[in-house]
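>>> Sequence first, then the predicted structure, then my questions.
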Amino acid sequence: MSPTAVNAKPEPTAPTSRRNDRGNVVFLGAGPGDPGLLTLRAVEALADADVLVADPQIADTLRTHTRAGVDVTELPAPEEVLGATSATAKLVTSFAAAGKRVVRAVAGDPGMDGTAADEMLACARAGVAFEVVPGVANAVGVPAYAGVPLCAGGKGVRFLDAATATDRCWHDAGTDDATLVVSTTLEDTAAVCASLVAAGRRADTPLTVTIAGTTTRQRTWSATLATIAAELKATKALPSPAGPQPAIAVVGEQAAGRDQLSWFETKPLFGWKVLVPRTKEQAASLSDQLRSYGAVPHEVPTIAVEPPRTPQQMERAVKGLVTGRYEWIAFTSVNAVRAVREKFEEYGLDARAFAGIKVAAVGEQTAKALVRFGVKPDLMPSGEQSAAGLLEDWPPYDPVFDPIDRVFLPRADIATETLVAGLIELGWEVDDVTAYRTVRASPPPAETREAIKGGGFDAVLFTSSSTVRNLVGIAGKPHNVTVIACIGPATAKTAEEHGLRVDVMAPEPSVHALAEALAEFGAARRAAAVEAGDPVTRPSERRAGSRRRARG
């Protein structure tokens with residue numbers, strides 16, 4: 001055998017189900033509602049799809065995992081179109097017959113969806129290849145998020161769909177002592193419970209009823225078969241203005257332990273709609289942190305980035321970067337990275353131009369932007385993620401070890417002088433270059449402006465004084481019920497000057513400390529309500545009569 005043959009590495013091949021010259025269909029379960037419950041195989045199938053055919057309530061979530069140019073077909077609700085199942089089956093098989101890779105997505109699990117089963121049969125009859133990607137079934141995922149373990153206590157589990165159950169099903173469910181999981185609607189819950197009592201279940205059997213399971217709109221009621229109707233009436237859950245609400249009811253002794261096991265609805269910011277006055281790119285990690293606390297972040301840019309009015313200074317600096325003028329380049333924002341990258345591309349340069357130059361990044365997001373550019377930072381703050389934190393770790397100029405004494409600092413036109421002054425004090429020469437200008441962003445959509453002024457948001461995070469001024473300027477002052485959280489004293493002072501009372505202040509000037517401080521505020525607010533025996537509400541669920549005043 002030749003050395004070439006011995007050392008040759010086989011070409012990686014994709015699974016045949018994913019790369020097939022002939023069309024095929026993937027029946028995919030999207031789970032109960034939480035996008036994080038999608039399986040890895042589901043994400044792979046979505047990324048590989050030519051066509052996505054999805055139920056309307058899950059289409060937007062799945063669209064984020066598809067590639068550009070995918071053909072997305074949102075289906076109407078089955079009850080809206082006569083023969084919807086057969087029509088969908090014809091649509092799916094026709095796409096596959098044309099050589100397309102089709103993902104047919106349903107909520108929950110396709111194996112527990114009757115329409116998906118009919119469509120699979122249609123594919124089989126038409127000779128269309130298909131596969132099934134299971135998802136988390138609603139009847140399993142929703143109780144888990146409600147804090148009700150189905151199999152504890154050694155009893156079996158029975159699943160029942162109230163819409164299709166026969167008399168025999170009700171009889172068996174009523175005479176069995178297994179934990180019963182019923183798929184129903186909130187409106188029909190009382191009738192379901194009455195049927196179970198009539199079939200033999202004890203009236204004092206505990207149950208939970210959950211709507212919008214696994215989402216931040218989830219709500220669960222705990223009662224017994226005999227008292228659930230009164231509980232729904234007392235909490236004004238019915239009638240629902242939105243129409244019938246799908247629900248999962250768990251009947252059995254396991255439902256009684258929910259007070260100790262509820263982990264999702266007790267998150268500190270559960271269901272809070274939090275306004276983050278930053279772009280999606282800037283707010284990525286902050287929004288992820290807020291979601292981990294149960295919040296629903298809503299990003300609203302308050303500034304827009306534009307090129308400098310006179311680009312010659314930036315052009316000279318980039319040329320100096322290539323010719324060896326600088327020992328260091330310091331990036332203080334994602335926008336600075338973008339500005340330099342765009343100038344590089346204009347000159348036909350890439351990350352190799354940074355060879356021999358030390359690179360500093362002021363924080364994690366800036367560092368990630370550099371890594372995407374192909375550059376690994378040599379220096380990042382070990383403590384506070386700020387210009388001051390970067391200076392704490394910046395080495396002083398040493399004429400013996402540093403052949404060049406100059407630092408390139410591409411920044412915004414409104415940047416503070418903290419970093420420049422600190423570097424000069426450490427013995428460095430600084431080229432402080434305007435890489436981009438920041439201007440006030442365009443106003444957000446009318447719906448967002450109304451939510452800001454009308455109390456539709458539970459909290460707003462202000463990360464700088466400029467975000468206060470710009471948000472008020474483009475969208476108006478937040479309603480008095482909205483919790484105001486500020487990153488530090490200067491930002492808090494600006495908020496108070498605009499007539500806002502500051503409820504939360506970060507213990508240190510970082511966005512992550514600010515989010516954590518808001519979570520602690522939410523947890524304390526929840527604990528106080530529980531201790532007082534009051535219902536746990538979000539700030540936006542209270543409408544005060546007057547606008548918030550600043551503290552005196």
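Cool, got the structure. No experiment lies behind these values; they were computed from the predicted model shown.

>>> Looking at this protein, which strand is longest?
strand 429-440 (DSSP state E).

>>> now the helices: where do they sit in the stretch 301-450 of the chain?
312-323, 334-347, 364-373, 387-393, 418-425, 446-454 (DSSP state H, counting those that start in this stretch).

>>> again with the stretch 51-200 of the chain
According to DSSP H, counting those that start in this stretch, the helices that the stretch 51-200 of the chain contains are 56-63, 84-97, 114-126, 138-146, 167-175, 189-198.

>>> ok so, going back, could you tell me which other helices and strands the longest strand of the chain packs against?
strand 303-306, helix 312-323, helix 334-347, strand 406-412, helix 418-425, helix 465-475 (3 or more C-beta pairs under 8 Å, 6 or more residues apart in numbering; DSSP states H and E). C-betas here are computed from N, CA, C, even on glycine.

>>> May I see the buried residues of the longest helix along the chain?
Ordering each helix of the chain by length in residues (DSSP state H) puts helix 511-532 first. Buried positions in helix 511-532, judged by neighbour count with 16 or more other C-beta atoms under 10 Å: 511, 513-519, 521-522, 525-526.

>>> Heading C-terminal from the host helix or strand of residue 496, find the next helix or strand.
According to DSSP states H and E, residue 496 maps onto helix 489-497. Sequence-wise, the next helix or strand downstream of helix 489-497 (DSSP H and E) is strand 504-505.

>>> dump the residue contacts of residue 492.
486, 502, 505 (C-beta atoms under 8 Å, 6 or more residues apart in numbering).

>>> let's go with 10 Å and repeat that
462, 465, 468, 484-486, 500-502, 504-506, 550-551 (C-beta atoms under 10 Å, 6 or more residues apart in numbering).

>>> on that earlier part again, out of the helices of the stretch 51-200 of the chain, nearest to residue 318?
helix 56-63 (37.8 Å; C-beta to C-beta).

>>> next one: the closest one to chain centre, how far?
Helix 56-63 sits 14 Å away from the centroid of its parent chain (C-alpha atoms, centre = their mean, to the nearest Å).

>>> ok, now stretch 507-519?
18 Å.

>>> do stretch 162-170 as well
Distance, centroid of stretch 162-170 to centroid of chain: 38 Å (C-alpha atoms, centre = their mean).

>>> Can you get me the start-to-end distance on it?
9 Å (C-alpha to C-alpha, to the nearest Å).

>>> List the buried residues in that stretch.
162, 165, 170.

>>> Next: stretch 424-431.
428, 430-431.

>>> Contacts for that stretch next, please.
313, 316-317, 320-321, 325-330, 391, 394-399, 402, 404-410, 417, 419-423, 432.

>>> Identify, among the helices and strands of the protein, the element with the weakest mean pLDDT.
helix 3-7 (a mean of 34; mean pLDDT, DSSP states H and E).

>>> what's the following helix or strand after it?
strand 24-29.

>>> what are the pairing partners of that following strand, and which direction each?
Here strand 24-29 has these sheet partners by DSSP bridges: strand 101-106 (parallel), strand 129-133 (parallel).

>>> Next secondary structure after it?
Next along from strand 24-29, by DSSP H and E: helix 40-48.

>>> Run the chain-centre distance for that next one.
18 Å.

>>> looking at the helices and strands packed on strand 429-440, which is buried most?
strand 406-412 (a mean of 22; mean count of other C-beta atoms under 10 Å).

>>> Remind me what that strand packs against, helices and strands.
With contacts defined as 3 or more C-beta pairs under 10 Å, 6 or more residues apart in numbering; DSSP states H and E, strand 406-412 has these neighbours: helix 312-323, strand 328-331, helix 334-347, strand 358-361, helix 418-425, strand 429-440.

>>> For residue 62, find the nearest of those.
Using C-beta to C-beta, the nearest of the helices and strands packed on strand 406-412 to residue 62 is helix 334-347, at 27.8 Å.

>>> Just checking the distance from the closest one to the centre of its chain.
Distance, centroid of helix 334-347 to centroid of chain: 28 Å (C-alpha atoms, centre = their mean).

>>> what is the rounded mean pLDDT of that helix?
Per-residue pLDDT over helix 334-347 has a mean of 92.

>>> Could you find the closest non-adjacent residue to residue 141?
residue 32 (4.1 Å; C-beta to C-beta, 6 or more residues apart in numbering).

>>> correct me, but residue 132 touches residue 111?
Yes - contact status for residue 132 versus residue 111: in contact at 6.7 Å, counting by C-beta atoms under 10 Å.

>>> Tell me, please, where in the stretch 1-150 of the chain the pLDDT is lower than the cut-off.
1-21, 77-85 (pLDDT under 70).

>>> One more pass at 50, please.
For the stretch 1-150 of the chain, applying pLDDT under 50 flags the ranges 1-20, 79-82.

>>> neighbours around residue 149, how many?
Residue 149: 14 surrounding residues under other C-beta atoms under 10 Å.

>>> Give me the phi and psi for it.
Backbone torsions for residue 149, taken as degrees, to the nearest 10, come to phi -70, psi 130.

>>> that older thread, which one of the helices and strands packed on strand 406-412 lies nearest to residue 220?
helix 334-347 (39.9 Å).

>>> In terms of secondary structure, what does the closest one contact?
By 3+ C-beta pairs under 10 Å, 6+ apart, helix 334-347 packs against helix 280-292, strand 303-306, helix 312-323, strand 328-331, strand 358-361, helix 364-373, strand 406-412, strand 429-440.

>>> for the record, mean pLDDT for the fourth one?
Confidence over strand 328-331 (mean pLDDT, whole number) is 95.

>>> helices or strands up against that strand?
helix 334-347, strand 358-361, helix 364-373, helix 387-393, strand 406-412, helix 418-425, strand 429-440.

>>> How far does it sit from its chain's centre?
32 Å.

>>> now do the fifth one
Counting by C-alpha atoms, centre = their mean, strand 358-361 is centred 30 Å from the centre of its parent chain.

>>> List the contacts of that strand.
Contacts for strand 358-361 (C-beta under 10 Å, 6+ apart): 326-334, 336-337, 351, 366-371, 373, 375-381, 385, 390, 393-395, 402, 404, 407, 409, 419.

>>> And the third one, by the same measure?
For helix 312-323, the external contacting residues (C-beta under 10 Å, 6+ apart) are 307-308, 325-326, 329, 339-340, 342-344, 346-347, 349, 353-355, 357, 406, 408-410, 431-436.

>>> how big is the angle separating it from strand 429-440?
130 degrees (axes from the mean of the first three to the mean of the last three C-alpha atoms, to 10 degrees).
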